[in-house]
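In: Sequence below, structure please.
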Amino acid sequence: MTGTAPERRNEIMAMWDRYNPEVIVVQDAKHITLNATKDRIKFDAKTMEVFWLIGFSGWRAIECYSPNVIVSAASGQTIEAIILDDAELPEVERAYRERRAAAQTLIDAADPATAPWPSDLPRPNASRDAFDDPQYKAAFDLTCFAVAFALFHEFRHVMLDRDKQRPEDLREEELACDIWAREFMTVKLAAYAQDHGHHYHEVLRKRSMGFALAALILHEITPVWDHGGNAAYFSVATRLQTILDNTYLPDDDHFWVFAASLLIGIFRQKGQAITAQPMEARPLVRHLLAGL
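Out: Presented below is the predicted three-dimensional model:
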């Protein structure tokens, strides 16, 4: 958490000391475990492996679908028409779908050790320096941002519960925790950008891409029958809109191409038609979010 928002390290440590939640790592969990109460945050190793696998596979959505996003906006052809004419897409897309399917198998596995692991994706490792491939380094960074987003979300539950500020509607609390996590990780990043000689939008883009991966992970780990929402959660579409649509980046920023690529992957995995007319990446993201 401090590594992904280093400009707020002192605040994070002070809040952690104040609320002091117990962190419980569940052993031999058969289901995805990531939740919090006023006293503790609980997760399991399997959940972290799922985050890693979806994060590393989701990064590859760029090579799979970003050409379609860019060509559609430039040529005036629809995404569906370009996909039909793309002779190289089936092979690239098959590999992408196989990685996504491996993640779903891991989610459903009673024993994670028996779940297959894609041969072209690395196993979890604590250090980005373990990788020579810059693609793996990028996927490592963004996956860490996605994990941090989830942990900040859970820490916010601890804070609300301890301070007796929980909304009566559990769905509102979940959405509020999503918003707080995103805002906490971005509201002071200008200081980090200035101190390290980066452009503000470069830093915001990278963190936002991590949030986009977190949105993909949220979609994948939510059971299909709960995608429409329930008493505790708004629909997955609403939560993805909250995480992605309020990103304060220019319309021509590369983030929107990445987010659109992730969403196209979701549509293709579900066999859902992409009805969007030719448009730039940012309005395409909004169109796809509305159609989830």
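In: show me where this protein has strands.
Out: Along the chain, counting by DSSP state E, strands occupy 22-26, 34-36, 40-44.
In: what comes up buried for the second one?
Out: Neighbour-count burial for strand 34-36, with 16 or more other C-beta atoms under 10 Å as criterion, is recorded at 34, 36. For every residue, glycine as well, the C-beta is placed using N, CA and C.
In: partners of it in the sheet?
Out: Here strand 34-36 has these sheet partners by DSSP bridges: strand 40-44 (antiparallel).
In: Tell me which of the strands of the chain sits nearest to H219.
Out: Closest to H219 of the strands of the chain, according to C-beta to C-beta: strand 34-36, at 14.6 Å.
In: returning to what we had before: how about the strands of the chain in a markdown table, adding mean pLDDT and distance to E202?
Out: Formatted as a markdown table, the strands of the chain follow (pLDDT from 0 to 100; distance: least, C-beta to C-beta, whole Å):
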| stretch | mean pLDDT | distance to E202 |
| --- | --- | --- |
| strand 22-26 | 94 | 32 |
| strand 34-36 | 95 | 30 |
| strand 40-44 | 94 | 30 |
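In: do you know which of the ones you listed lies nearest P283?
Out: When the strands of the chain are compared by C-beta to C-beta, strand 34-36 sits nearest P283, at 32.5 Å.
In: Now tabulate the strands of the chain in TSV and tack on distance to L244.
Out: Putting the strands of the chain into TSV (distance: least, C-beta to C-beta, whole Å) gives the following:
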stretch	distance to L244
strand 22-26	28
strand 34-36	20
strand 40-44	23
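In: Any idea which of those strands gets closest to V69?
Out: Per C-beta to C-beta, nearest to V69 of the strands of the chain: strand 34-36, 30.7 Å.
In: centre of the chain versus the closest one, how much separation?
Out: 17 Å (C-alpha atoms, centre = their mean, to the nearest Å).
In: Buried ones in stretch 59-75, by neighbour count?
Out: Neighbour counts over stretch 59-75 (16+ other C-beta under 10 Å) mark 59-62, 64-73 as buried.
In: Who are the contact partners of A290?
Out: Applying C-beta atoms under 8 Å, 6 or more residues apart in numbering, we find A290 in contact with 237, 241.
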